[in-house]
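Participant: coordinates only, no sequence provided:
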């Protein structure tokens, strides 16, 4: 459930970044999130369907509130807030997937989590780098 809602939220925030970001690097990061998380979401939906597990149809209350808050911002304030959120989200997601990959009970879900982890770790590195760049460029 958390992975499904988080994945959908990453796609939505990626689209928001593509629309609102003032930095081309943040826009590019958003495109990357939409592409990668759409692919992972589709894999998760397929896996859940095979196992008869229902997938949530929306991002959940917390993710909706985050998007609403970010939607009110613009310019470098949006870029900074979005990238701060992306770093926090990906730190939580990497931790969640590491736990599932190591301790998961379902072998297929465990394998999917392990297979997805390198991409999520890469997203975290990109988010940290982009966050650093946005912080420094706006501080000049």
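Facilitator: Arrived safely, thanks for sending. The model shown is predicted, which means the values in this text are computed figures rather than measured ones.

Participant: C-alpha from now on. contacts and neighbour counts both.
Facilitator: Noted.

Participant: may I see the buried residues of stretch 87-101?
Facilitator: Within stretch 87-101, the residues scored as buried using 16 or more other C-alpha atoms under 10 Å are 87, 89-91, 93-94, 97-98, 100-101.

Participant: can you classify residue 58 by secondary structure?
Facilitator: Put simply, residue 58 is coil when judged by DSSP: H, G, I helix; E, B strand; the rest coil.

Participant: low-confidence ranges, this protein, go.
Facilitator: Within the chain, the ranges that satisfy pLDDT under 70 run 137-140.

Participant: ok so, going back, of the buried residues of stretch 87-101, which belong to helices?
Facilitator: 87, 89-91, 93-94, 97-98, 100-101 (DSSP state H).

Participant: now tabulate these in CSV and tack on distance to residue 17.
Facilitator: CSV is the format used below for these (distance: C-alpha to C-alpha, whole Å):
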residue, distance to residue 17
87, 14
89, 15
90, 16
91, 19
93, 19
94, 21
97, 24
98, 27
100, 29
101, 30
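
Participant: so which strand or helix has residue 65?
Facilitator: Applying DSSP states H and E as the criterion places residue 65 in helix 61-71.

Participant: what's the closest of the ones in helices among the buried residues of stretch 87-101 to residue 56?
Facilitator: residue 93 (17.0 Å; C-alpha to C-alpha).

Participant: tell me the contacts of that closest one?
Facilitator: Residues in contact with residue 93, defined by C-alpha atoms under 8 Å, 6 or more residues apart in numbering, are 3, 6, 120.

Participant: what does residue 28 give?
Facilitator: residue 18.

Participant: checking it next. Helix, strand or coil?
Facilitator: Assignment for residue 28 (three-state DSSP): helix.

Participant: which one of the buried residues of stretch 87-101 is nearest residue 53?
Facilitator: For these, the nearest to residue 53 is residue 100 (16.4 Å; C-alpha to C-alpha).
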